[in-house]
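Asker: sequence below, structure please.
(2 chains)
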Amino acid sequence: MATTHTHTNIDTHHHDDHDHEHHEGNFWTNYIFCQDHKVIAKQFLITGIFWALFGGILSVIFRLQLGFPEMSLEWLRPLLGGWITPEGKIDAEFYLALVTMHGTIMVFFVLTAGLSGTFSNFLIPLQIGARDMASGFMNMLSYWFFFLSSVVMLSSFFIETGPASGGWTVYPPLSALPQAMHGSGLGMTLWLVAMALFIVSSLLGGINYITTIINMRTRGMSFTRMPLTIWAFFFTAIIGVLSFPVLFAAALLLIFDRSFGTSFFLSDIYIGGEALANVGGSPILFQHLFWFLGHPEVYIVLLPALGISSEIIATNSRKPIFGYKAMIGSMLFIAILSFIVWAHHMFVTGMNPFLGSIFMLLTLIIAVPSAVKIFNYVTTLWKGNIRFTSAMLFSIGLVSFFLTGGITGIFLGNSAIDIQLHDTYFVVAHFHLVMGSASFFGMMAGVYHWFPKFFGRMMNEKLGYVHFWLTFVGVYMVFFPMHYIGIAGFPRRYYSWTNFETFEGFTDLNTLVSVAAILTLSAQFIFLFNFFYSIYRGRKASANPWKSTTLEWTTPRNPGHGNWPGEIPAVYRWPYDYSKPGAKDDFIPQTIPFSETQESNLPHENELIKLETSNGDGAIVVEGSKH
Amino acid sequence: MTTLIVILGVALVLVILYLIFKISNLVSIARAKTSVDDVDSSNGIHALLFIIFMVVGFTGFFWYSFAHFNSYTLPIASEHGAWTDTLFWITMGVTVVAFTIISIIKFVFIYQYQYKEGRKAKFYPDNHFLELTWTIVPALVLTVLVFTGLKAWNDITSPASENAEVIEVIGQQFAWTVRYPGKDNTLGDVHYQKIDAINEFGLDLTDNKSFDDFKSLELHIPKGKEVLLKIRAKDVLHSVFLPHFRVKMDAVPGMPTQFKFIATKTTAEMRDELSNPEFNYELACTEICGKGHFSMKMNVVVDTPEDFEKWKAEQESWLKQNPDYLKNVPAGLRESAILKAGIPEEAGVTYLEGVKAAGVGLN
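Answerer: Down below sits the predicted model:
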C-alpha cells in the first residue's frame, strides 16, 4: 500500500480549491480510509498487482514440477519448508493447493477486484462526469472488505494443514470433508470466509457502480453517449450483483455441511473407514450453484477488459469504434446469455443429458455476439492511423487472445466433443487464453493508458514495448502447446503423468511451457519497475496525452477530490468523434458543442445545435464552463 | 558461497539493466525535444513485428499440427469415439479456416494502417449490412455444428440396450474397483453403510442377485458388444476417463451415473496397430479427488467376445472368496447363496454347521 503515498508530490492538487469544499484530511483519511474513488482505485490496483505477482509465482512453482519432474527443488525449502518432501519434490497435496490458490487468486483477486475494482472505480466518475461515486463510504468499505478478504486468504498459506486444495471450484465432498485431504481442513474454512468477505466487497462495489452510472451522469451524458468502458462496467456490475449472492449461498451451505452436520451436498459417503451419517444431499447441486456464479464470472472478468480495449483501440486507431451500438448490443446479449449457459461446465458430471443438450444450444449462441465483437475490433483497425502505444499493443494482444481462446470454446461448448476434452489441458488452454490472458492484457492496457490520469506522469513506453512483446509471445508459448497436450487427453490437476502409459509423451512440450512461463513471469518485473519508477520519476503527463475525446482528460493533470475544479463540463456528443471529416483535429472531445464544429457536423447533428442552448437534450451550455 | 555469487551476479545484472534504462531515458528526453511527440520512432517496428509474429506463429502451428499429428492424437477404440472425433475434426476445420482468415486480416490491417504522418483515418462508425452479415454467418455455421453435436450427444446418452454388458466401476481415494454381475447378469443391491474393509462394494447380502457378483482388478470388456458402465463413488467425486474410448463420466457419491459404449478393437489388435506389444488401455481419474488423484489408474483389457465369456467364467464370486460373509445372508437364502456363489457344497455345509455351532449370525 506504500505507493499510494505518491500524491504527496509537491506538484499536485494545490489549485483546486474554488467551488467545493477541499478536504485537508490527515494521512489516515487521505490514503488509508479514503473515500475518494481515485484513491480507492489505486488501492485496488496495488493490491491487485500484489496478488497477480503472488498468483504468478504460484504458477511457476507448479510449472517447475510439471516441466522439470526430475529437478530437485531443495532450494525452495527456505520458502516452502515442509511442503518440499525429503526427496526434494513438491508435496503432491501442496501441488493441488498451488493450483487451487493460483486459480482463486487470479480469477477473483486479480481479474475481478484488481481489474473491475480498479477501473470501474477510477473511470466511472471521471468518464461520466461525476464528482465521486454515489456512496464514497460504501466504496471505501468495498475496498476494506476486499483487503480483509485478502488477509484471510493469505493467512491460509501459513497454517499447518495448508491452504484450500480442492481446486478453485471447491467441489464437495472433497472440500467438505477434512478427512479427504489436509487442505479441506482449516485452509478451506479460511477460503470460505475469505470468499464471503470478497462477495460482500464485490456487492458493495457493484451496487455503487450501477447507482453512479444511472444517476450521476453529467449534463448531456445520455446513455448513448457513454464510452464503451462505462457500458462494460455497467453490465459487469449488474452481472456481479445478480450472480455473486448465489456463490454466497453455495459457500454458506458448504459451511453448514462442513461445520454443522447438514447434508446439502453430502450423501452416501464412506471415507476413512467409516460411513458418514449424511444422506440425501447432492454434490451436483453445489456445482449448479457454483457455476451459476462461475460462468457469469467469466464475463465479469472479461467485459471490463473488452470495454477498456474498445476505448484504447478507437483512440489509437484514430477512428470511431466500429458499430458502437452493436458493441453495446453484443455486450448486453453476452450479459444475458451468461446466466443461462452455466451447466456447460457440467456435461459429464452425471447431470441429466437432456439438460446438457439445452445448455449446449445456449452456449454456442454466445459465440455469435463474441464473434461480432471481434469483427468490430478488426473493422475499427481498417483504414485507421494506428499508433502503437503500449496500451494499444496490449489491446491488440487482447483481441488476439480473445480470438484464439474463443474459438476453442466452440469445441468445448459442444457436449459430444466435450466428453473427451473435459478436464484436460485443452480446457486449461482455452480459458487461460480467452479469459485469463485476454483480461490480464485488458488490465495492462488500462494501466498503461490511464497511468497519466492515475499519477500525472507517463510510464516509460520503451519498457512497455519490451514488456508487451515478451508477455505476448510468452503467453502464446505457454498456452498454445497446451492444446496439443489436451487433445492427447492429458488430464489437468495431475501432479505427474508418469503413472500412465497413455500420458507418457510431451515431456518436451511441458518443459517448453514451463520455460515460457518463467520467462513470462520475469517479464512482469519490467512492468513492476516501470510502474513504480514512473509514479515518482516518470515524465510529467500533458493534460490529454493520447488526444482522447472522453471526459477524464478534461480534468487537471492531478485531479483533486471532486475531479473538476470548477463546474463539471457538459457533454454534447458521443465519445468517438475521431478523424471526423472536415474537423481541424483528428479528435473532437465530448465537451465541444456541435455549434462550434459546424464544419464537421453531420446533418442530424446540425439539428442538435438548437437543443444545446435549451433544455431539450438535457444538454445546456453553461456560462463559465470550460468551453 | 555459490548462493552469494548468484546473488551478486543477479544484482550486477540488475544494476547494468538499470543503467541502460537511465541512459536510454536520457537519450529519449533529448530526442523528444526535436521530434514530434505524437508517435515514437518504433511505431513501424511494431507493425512489422506483428507480421513476423503472424508468419512465425502460423508456420509453427501448421508445422507442428501436421508433423506431430500422431503424437497428439490418440487412436480411437470405440464406435461413438469415431463419431465425436469426426465432429472434433470438422469443428477444427471450420474454426481453423475462420481463425486463419480473421488473424491474417487483423495483422495485415495492423501493418497496413500503421501511423503515417498527414494521413487521416476514415470516419466509419457503422455499416448495417456488414454487421448483419457477420452476425448471421457465424449463427448459421454454429447452428450446423450444434445440431450435428446434439444428434451425437443424444445418441451417446440414450438408454443402453437390454442385453448390454453391465459393469460397475467404483471410485474411491485413490483406486478403482470393478464389479461384474456374475452369471445372473444382474448387479446385486449395495448400500454404503454395509461397506467395510472386506466388503468394499457394500454388497447387500439380503439380495440374492448379489451372491454371484465378482470383483476384478482389471476392467475387462468385450469387443463389439455394448457395455454399460454403472459408475459410483464412495468418498469424493472421481471421474471415469477411458481416453481411447472417448468415455468420460463423473463418479458421484450418492448419485449413480452411467455411460454406454461399444469397444471396437481388442487390446491385441491395438498392440498390432501401434506395433507396441506393451500397449495397454487405461482408466484414469479426471476429477480432482485428493493427493493421489494423479495415480488413480486401472488397466483395461478388451477381449474378443469368446475370450471375455471365458474370462468371466473363470472368475470367483466375491462371496466365495469371502465365505465369512455367509453369516450376513438371511438363513432362508443361504442354500441358494452357496449355490449361486459357487462355493463347493462340502465347504459350504461345513461352514454353515460351524456357524450354527458357534450360535452366531442366526437371524
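Asker: domain parsing for chain A?
Answerer: A:37-537, A:562-627 (automatic domain parsing).
Asker: out of those domains, deepest packed?
Answerer: Across these, the average number of neighbours (mean count of other C-beta atoms under 10 Å in any protein chain shown) peaks for domain A:37-537, which reaches a mean of 22. Where C-beta positions appear, they are placed from N, C-alpha and C, glycine not excepted.
Asker: can you tell me the average pLDDT over it?
Answerer: In this model, domain A:37-537 carries a mean pLDDT of 94.
Asker: how far off centre is it?
Answerer: On the basis of C-alpha atoms, centre = their mean, to the nearest Å, domain A:37-537 sits 7 Å off its chain's mean C-alpha point.
Asker: in chain B, what residue comes closest to chain A?
Answerer: As assessed by C-beta to the nearest C-beta, chain A sits closest to B:G254 within chain B, at 2.8 Å.
Asker: grab the nearest non-local neighbour of that residue.
Answerer: The shortest distance from B:G254 to any non-neighbouring residue, by C-beta to C-beta, 6 or more residues apart in numbering or on different chains, is to A:S267 (2.8 Å).
Asker: can you check A:I366 too?
Answerer: Nearest to A:I366 is A:L337, by C-beta to C-beta, 6+ apart, at 4.6 Å.
Asker: list the contacts for the residue of chain A found nearest chain B?
Answerer: Residue nearest to chain B within chain A: A:S267 (2.8 Å; C-beta to the nearest C-beta). Contact analysis of A:S267 by C-beta atoms under 8 Å, 6 or more residues apart in numbering or on different chains lists A:278-283, B:253-255.
Asker: could I get those in JSON lines, plus columns for secondary structure and distance to B:S336?
Answerer: Below are those laid out as JSON lines (DSSP: H, G, I helix; E, B strand; the rest coil; distance: C-beta to C-beta, whole Å):
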{"residue": "A:N278", "secondary structure": "coil", "distance to B:S336": "35"}
{"residue": "A:V279", "secondary structure": "coil", "distance to B:S336": "31"}
{"residue": "A:G280", "secondary structure": "coil", "distance to B:S336": "34"}
{"residue": "A:G281", "secondary structure": "coil", "distance to B:S336": "37"}
{"residue": "A:S282", "secondary structure": "coil", "distance to B:S336": "37"}
{"residue": "A:P283", "secondary structure": "helix", "distance to B:S336": "37"}
{"residue": "B:P253", "secondary structure": "coil", "distance to B:S336": "32"}
{"residue": "B:G254", "secondary structure": "coil", "distance to B:S336": "31"}
{"residue": "B:M255", "secondary structure": "strand", "distance to B:S336": "32"}
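Asker: hang on, A:R493 is in a helix, isn't it?
Answerer: No - counting by DSSP: H, G, I helix; E, B strand; the rest coil, A:R493 is not found in a helix; it is coil.
Asker: so it is in contact with B:I288, correct?
Answerer: Yes - contact criterion C-beta atoms under 8 Å: A:R493 and B:I288 qualify, at 4.7 Å.
Asker: so what's residue 83 closest to, chain neighbours aside?
Answerer: Because you didn't say which chain, this covers chain A. Per C-beta to C-beta, 6+ apart, closest to A:W83 is A:F94, 4.1 Å.
Asker: wait, I meant chain B there
Answerer: B:A152 (5.4 Å).
Asker: quick revisit: can you pull the pLDDT of the residue of chain B closest to chain A?
Answerer: Reported pLDDT for B:G254: 92.
Asker: so it versus A:F264, what's the distance?
Answerer: Counting by C-beta to C-beta, to the nearest Å, the gap from B:G254 to A:F264 is 12 Å.
Asker: what is in contact with the two at once?
Answerer: A:281-282.
Asker: contact partners for the residue of chain B closest to chain A?
Answerer: B:G254 is in contact with A:266-269, A:279-283, counting by C-beta under 8 Å, 6+ apart.
Asker: closest one to B:K122 out of the contacts of A:S267, please.
Answerer: A:P283 (55.8 Å; C-beta to C-beta).
Asker: my guess is A:S116 contacts A:P304, does it?
Answerer: Yes - assessed by C-beta under 8 Å, A:S116 is found in contact with A:P304 at 5.1 Å.
Asker: run the chain-centre distance for stretch B:16-32.
Answerer: 53 Å.
Asker: indicate which one of the domains of chain A is closest to B:F69.
Answerer: Set against B:F69 and scored by C-beta to C-beta, these come closest in domain A:37-537, at 9.8 Å.
Asker: picking that back up, joint contacts of A:R493 and B:I288?
Answerer: A:96, A:167.
Asker: would you map the strands across chain A?
Answerer: A:270-271, A:274-275 (DSSP state E).
Asker: also the stretch 201-350 of chain B?
Answerer: With strands called from DSSP state E, counting those that start in this stretch, the stretch 201-350 of chain B shows them at B:214-216, B:219-222, B:226-233, B:238-242, B:247-251, B:257-262, B:281-285, B:298-303.
Asker: please apply the same query to the stretch 1-150 of chain B.
Answerer: So, for the stretch 1-150 of chain B - with DSSP E, counting those that start in this stretch - there are no strands.
Asker: pLDDT below threshold where in it?
Answerer: B:31-38 (pLDDT under 70).
Asker: do the stretch 201-350 of chain B as well
Answerer: Residues of the stretch 201-350 of chain B that meet the cut-off, pLDDT under 70, sit at B:348-349.
Asker: show me which residues of it sit near chain A.
Answerer: Applying C-beta under 8 Å from any C-beta of the partner chain, we find that the stretch 201-350 of chain B lies next to chain A at B:202, B:231, B:234-237, B:239, B:241, B:243-244, B:246-250, B:252-255, B:257, B:278-280, B:282, B:284-295, B:297.
Asker: try it again at 7 Å.
Answerer: B:234-237, B:239, B:241, B:243, B:246, B:248-250, B:252-255, B:257, B:280, B:282, B:284, B:286-291, B:293-295, B:297 (C-beta under 7 Å from any C-beta of the partner chain).
Asker: how close does the residue nearest the centre of chain A get to A:F426?
Answerer: In chain A, the centroid-proximal residue (C-alpha atoms, centre = their mean) is A:L111; its distance is 2.9 Å. Per C-beta to C-beta, A:L111 is found 21 Å from A:F426.
Asker: what's the burial count for B:I102?
Answerer: 19 (other C-beta atoms under 10 Å in any protein chain shown).
Asker: is it true that it touches A:F402?
Answerer: No - look at B:I102 against A:F402 with C-beta atoms under 7 Å: they stay out of range, at 10.8 Å.
Asker: for stretch B:248-262, measure first residue to last.
Answerer: 14 Å (C-alpha to C-alpha, to the nearest Å).
Asker: just checking, what packs against the longest helix seen in chain B?
Answerer: Identified as the longest helix of chain B according to DSSP state H is helix B:79-112. Contacts defined by 3 or more C-beta pairs under 7 Å, 6 or more residues apart in numbering or on different chains; DSSP states H and E place helix B:79-112 against helix A:367-381, helix A:390-412, helix A:415-421, helix B:43-67, helix B:128-156.
Asker: next, the buried residues of it.
Answerer: B:79-81, B:83-85, B:87-88, B:91-92, B:94-95, B:98-99, B:102-103, B:106-111 (16 or more other C-beta atoms under 10 Å in any protein chain shown).
Asker: just want the angle from it to helix B:128-156.
Answerer: Angle of helix B:79-112 versus helix B:128-156, following axes from the mean of the first three to the mean of the last three C-alpha atoms, to 10 degrees, is 160 degrees.
Asker: strand B:238-242 and helix B:79-112, what's the angle between them?
Answerer: Going by the same axes, to 10 degrees, helix B:79-112 makes 90 degrees with strand B:238-242.
Asker: what's the spacing between helix B:79-112 and its chain's center?
Answerer: That offset, for helix B:79-112, works out to 23 Å (C-alpha atoms, centre = their mean).
Asker: then stretch A:546-562?
Answerer: 23 Å.
Asker: and it, end to end?
Answerer: Stretch A:546-562: ends 23 Å apart by C-alpha to C-alpha.
Asker: how about the residues of the stretch 401-550 of chain A by chain B?
Answerer: A:403, A:407, A:410-411, A:414-417, A:419-420, A:422-423, A:460-462, A:465, A:469, A:476, A:484, A:487-489, A:491, A:493-496, A:499-502, A:505.
Asker: thanks a lot, see you next time.
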